[in-house]
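Student: After the sequence you'll find the predicted model.
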Amino acid sequence: MSLFTEHYFINYNKGDDIMKKILFLIIALTSCLSVSAQDYKNILTEGKRWKVLVRHWPHEDLYLDFRVSGDTIVDGRNCKRITNDQGTTHTFAAYEEDRKLYYMDSGKPSLLLDMAVNAGDDVLGYGEGGNTTVDEITVKGVNRKRIIIESPGNETVCWVEGIGSNIDTWIYGPEKVIGMTSYLIECYDNDELIFSQSDFGVTLGVNAATQERKKDGMMYSISGMKLKEAPANGMYIMDGKKVVLK
């Protein structure tokens, strides 16, 4: 074998190895993306149930159970029925698409949760004052994406893949009332407890004393979180009394 032939043969083998490595990386990356897409955990699955605390100052705390109750079609769109049969029956339709959760509001979709957001995104319109972080938590052996949204003067909002939101505006969104806050206490799948409030890993006003006892000269949000200063607008509690700012 001539020197030229030997040199060409060696370079060819090196080039072949490089191509094999590139091909392997492409296959591995494609497989990871495929697994990631397949592993996404939907919130609206049959058998899912949420225990929610509804706090509406100055009324007594109320615990409600919401559940996925079969399929329905709204304005030609396939949806899941969400029901609550405690007291007056409360029913609305919701669906998931591209890792986003919508409910049907008067026949039109309204975005409630977006599990596709990235760190730093202005998710709830807080702008530069807000801070969004994205990570992953493991609860009862299951890995789930977690999105934490913080803003001065507001409680920390936390969304978890396959579960929902800690401050449960998504499940009670269709009947949101000023001064009312709902908290996700527990989530069940076919009657098996899969997630609790403490699993979100953030502190909520739901753990604080009720607003009626807030007579210590401090300011609190409607949901019971201590405030360093009065909000620019909205409502807060001081000395057990509701203050409304416009």
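Tutor: Arrived safely, thanks for sending.

Student: For the nearest residue to Thr203 once chain neighbours are set aside, give me its contacts.
Tutor: Leaving aside its sequence neighbours, Thr203 sits nearest to Thr156 (Cβ to Cβ, 6 or more residues apart in numbering; 7.1 Å). In this view, the C-beta of every residue, glycine as well, is placed from N, C-alpha and C. By Cβ atoms under 8 Å, 6 or more residues apart in numbering, the contact set of Thr156 is Ile148, Ile149, Glu150, Asn166, Val202, Thr203, Leu204.

Student: Select, from these, the two members most distant in space.
Tutor: Ile149 and Thr203 (14.1 Å; Cβ to Cβ).

Student: Give me the buried entries from the contacts of Thr156.
Tutor: Ile148, Ile149, Glu150, Asn166, Val202, Leu204 (16 or more other Cβ atoms under 10 Å).

Student: and which of those is nearest to Asp121?
Tutor: Scanning the buried ones among the contacts of Thr156 for proximity to Asp121, where the rule is Cβ to Cβ, the winner is Ile149, at 8.9 Å.

Student: Bridged to that closest one, which residues?
Tutor: Thr132, Val157 (DSSP bridges).

Student: name the element Pro58 belongs to?
Tutor: In the assignment (DSSP states H and E), Pro58 maps to no helix and no strand.

Student: how about it, phi and psi?
Tutor: Backbone torsions of Pro58, given as degrees, to the nearest 10, read phi -100, psi 20.

Student: hang on, isn't Leu64 packed against Arg49?
Tutor: No: contact criterion Cβ atoms under 8 Å: Leu64 and Arg49 do not qualify, at 10.9 Å.

Student: Poorly predicted segments of the chain, please.
Tutor: Within the chain, the stretches with pLDDT under 70 are 1-38, 85-89, 125-130, 152-153, 169-179, 205-218, 220-228, 231-246.

Student: swap the cut-off to 50 and go again
Tutor: Along the chain, the model assigns pLDDT under 50 to residues 1-12, 30-37, 173-174, 208-214.

Student: Need the contact partners of the strand of greatest length in it.
Tutor: When the chain is parsed with DSSP state E, its longest strand is strand 62-74. By Cβ under 8 Å, 6+ apart, the residues outside strand 62-74 that reach it are 44-56, 78-86, 90-91, 93, 104, 107, 171, 185.
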